[in-house]
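*Asks:* need a structure here:
(2 chains)
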Amino acid sequence: MRRPYALALLVPALAVLVVFLVIPLVNLLVTSFHAFSSTQGITSRWTFENYTRFLFDRFYLDVLVRTLRVGLETTVLCALLGYPVALFLQQTRGATRNWLTLLLLSPLLVSMVIRAYGWVIILGRNGPIPLYTEGAIIVGLVHVSLAYMVLPVLASLEQIDPSVLRAAASLGASPLTTFRRVTLPLTFPGLLAGCVIVFSLSVSAFVTPSILGGTRVKLLSTYIYDQVVSLLNWPYGSAIGFVLIAVSTIALLVFSRVLRKSQTEVVLG
Amino acid sequence: MMRTLHRVYVALVYIFLIAPIAVVVLASLTTTNFVTFPPRGLTLAWYAAIFAHPEFVNSLLLSLVVGAGTALVAGTFGTLAAVAIAREQVIGAGLWLALLSSPLVIPSVVLGIALLQWFTIIALPAGVVPLVIGHTVLALPYVVRLVCAGLAGIDPALERAAAGLGATPFQRLRRVTLPLIAPSVIAGALFAFITSFDDLTVALFVVSTNVMTLPVRIYNYMQFNYDPLITSVSTVMIVLSIVLVVVVERVIGVGRLFGKAAAE
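*Replies:* Numbers count the residues shown, from 1 in each chain, chains lettered A, B, ... in the order given. Have a look, this model is predicted:
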């Protein structure tokens, strides 16, 4: 049954996205191919130099590498901290579980500015991880993204048929072996989905690196801000912006390819 | 043994989750005029101090107005779009859903500069309108996904019955579909409000010195000031979020709000 009026329901949302997301991004893409001069601002000359400058300058490549490293370390830490929590939630029932879920999600309701400030107070006490370092940024990012790791893992744990686990136990597998050979492979898709979300959240995060990295440790997102707001170099700032979009899109594609492969492997044994 | 170890590990993770928030709340009670933890002495003076800074009160009111505006606009537009995609078999549903989810993959710092440039081109002055626009772009994907999840949970036979009994498409939407998915629509609007209330990055580019949301105000203040005013303002913000969630929990239940929808 064709329903032409259904398209009308889509019009308001799509109009907002076209006018205030697609067109502004196209505009920014055009800007990134223009030359910049410190005296005249954005000039009308077309150029690739904003991109070549980024890709051939050691200094900026370091920022890119640092951003990827922080994203990767955050993702691994979230997996190590989040998986046992998901497992615990799955094994718990009733009110305790509701409370623990609520407690897990409640930090999401607190502004990221405030959460980062809490870490400024804690890390400012000269502990093992000093403020304005990569470590400080990673602590903040793990705190922000942990729930996004736990939820997909929990969802895939819930999908495991309990009889599979009972079968493993009755065939003589110890709890640890059952976990390693049965539970972990079956939850691999959920774990990877969590990794994708956490990685793309952390490479593009701005608030946490800005407050916990300060002026000392810069990531791509905070560099973009500096270029545009402090140096008014819009073309270069937007070029880095599109590099950032490319990086997180490539990561998403790589992850989802691995994800698809792992799903077929689980099914085929 | 394993079980105990597991419990301890999970407890430590939860302490990690709560720590920065607890520290901010506790630090707001200090009698010192600099932020310190644990707080020294016990006073509510930093809460009284908020009223000596009308710019914080104004920013809070602005944030509430922008949040409500975003909840209304993103909630309405997102719900209509979700109904079109999940119920009305619109042509190209997959493509529309992908487009509506696209703000999720655009870093908000890039969205911020793109909007700043665009608002300058179309000469839209700083104020509530550009903030609501920016936050609506951020929040639409969440609303669409939550409402789509809600629609997946209701029986299509109810809508077919309404159609069979002679209801027009509009009557069917208003009298049958919308009441059935009301919890997910409210959840979507709440998510939109929180997205807006929490946002620093996009707002940072869109605000002016006169029109500044609370996260931007806090962010700017803490660049140059070290007094505990930030901690008391933050605590007020935290309490407001908790009140909001408790109210919504009483109305529709947190289980329904997060449990199913967030795992989608």
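
*Asks:* Residue of chain B nearest chain A, please.
*Replies:* Residue nearest to chain A within chain B: residue B:20 (2.6 Å; CB to the nearest CB). C-betas here are computed from N, CA, C, even on glycine.

*Asks:* Now that residue: which helix or strand?
*Replies:* Element membership of residue B:20, judged by DSSP states H and E, is helix B:2-27.

*Asks:* which residues sit in contact with residue 242?
*Replies:* All of this is about chain A. Residues near residue A:242 by CB atoms under 8 Å, 6 or more residues apart in numbering or on different chains: A:28-29, A:32, B:110.

*Asks:* meant chain B actually
*Replies:* A:106, A:109.

*Asks:* Spatially nearest residue to the residue of chain B closest to chain A (excluding sequence neighbours)?
*Replies:* In this structure, residue B:20 finds its nearest non-sequential neighbour in residue A:118, 2.6 Å apart by CB to CB, 6 or more residues apart in numbering or on different chains.

*Asks:* pLDDT weak spots in the chain?
*Replies:* All of this refers to chain A. For chain A, applying pLDDT under 70 flags the ranges A:1-4, A:259, A:262-269.

*Asks:* think we crossed wires, I meant chain B
*Replies:* B:252-264.

*Asks:* and the helix holding residue B:20, how far out from the chain's middle?
*Replies:* Distance, stretch centre to chain centre, for helix B:2-27: 24 Å (CA atoms, centre = their mean, to the nearest Å).

*Asks:* got the buried residues for that helix?
*Replies:* Neighbour-count burial for helix B:2-27, counted by 16 or more other CB atoms under 10 Å in any protein chain shown, picks out B:9-10, B:13, B:17, B:19-21, B:23-27.

*Asks:* mind checking how far residue A:90 is from residue A:157?
*Replies:* 4 Å (CB to CB, to the nearest Å).

*Asks:* centre of the chain versus the host helix or strand of residue A:82, how much separation?
*Replies:* For residue A:82, the element it lies in under DSSP H and E is helix A:58-91. Remark: helix A:58-91 is offset 9 Å from the chain centroid, using CA atoms, centre = their mean.

*Asks:* So which residues of the chain form helices?
*Replies:* Unless you meant another one, I'm taking chain A. Ranges of helices in chain A, per DSSP state H, are A:5-17, A:23-32, A:49-56, A:58-91, A:94-105, A:112-123, A:134-158, A:162-170, A:175-178, A:184-186, A:188-204, A:207-213, A:220-225, A:234-268.

*Asks:* Actually, chain B is the one I wanted.
*Replies:* Along chain B, counting by DSSP H, helices occupy B:2-27, B:45-51, B:54-86, B:93-101, B:108-121, B:128-152, B:156-164, B:169-172, B:178-198, B:201-206, B:214-224, B:229-252, B:254.

*Asks:* now the angle between helix B:128-152 and the fifth one, please.
*Replies:* Right, the one you point to is helix B:108-121. If you take axes from the mean of the first three to the mean of the last three CA atoms, to 10 degrees, helix B:108-121 sits at 130 degrees to helix B:128-152.

*Asks:* What angle do helix A:23-32 and helix B:108-121 make with each other?
*Replies:* Calculated by the same axes, to 10 degrees, helix B:108-121 forms an angle of 90 degrees with helix A:23-32.

*Asks:* who's in contact with helix B:108-121?
*Replies:* Residues contacting helix B:108-121 (CB under 8 Å, 6+ apart): A:20-21, A:23-25, A:27-28, A:31, A:204, A:206, A:221, A:224-225, A:228, A:234, A:237-238, A:241-242, A:244-245, B:103, B:126, B:130, B:133-134, B:137-138, B:199, B:201-202, B:204-206.

*Asks:* do the same with the second one
*Replies:* For helix B:45-51, the external contacting residues (CB under 8 Å, 6+ apart) are B:28-31, B:56-57, B:227-229, B:231-233, B:235-236.

*Asks:* next one: stretch A:165-174
*Replies:* Residues contacting stretch A:165-174 (CB under 8 Å, 6+ apart): A:175, A:177-178, A:181-183.

*Asks:* how does it look with 7 Å?
*Replies:* Contacts to stretch A:165-174, defined as CB atoms under 7 Å, 6 or more residues apart in numbering or on different chains, come from residues A:178, A:181-182.

*Asks:* What residue in the stretch 51-200 of chain A comes nearest to chain B?
*Replies:* Counting by CB to the nearest CB, the stretch 51-200 of chain A gets nearest chain B through residue A:118, at 2.6 Å.

*Asks:* What of the stretch 151-269 of chain A?
*Replies:* Residue of the stretch 151-269 of chain A nearest chain B, by CB to the nearest CB: residue A:204 (3.4 Å).

*Asks:* my guess is that residue meets residue A:249, correct?
*Replies:* No - Residue A:204 lies out of contact with residue A:249 (CB atoms under 7 Å); the separation is 10.6 Å.

*Asks:* who has more neighbours, those two?
*Replies:* residue A:204 (24 against 13; other CB atoms under 10 Å in any protein chain shown).

*Asks:* ok, that one - contacts?
*Replies:* Residue A:204 neighbours (CB under 7 Å, 6+ apart): A:221, A:244, A:248, B:107.

*Asks:* All good on my end, thank you.
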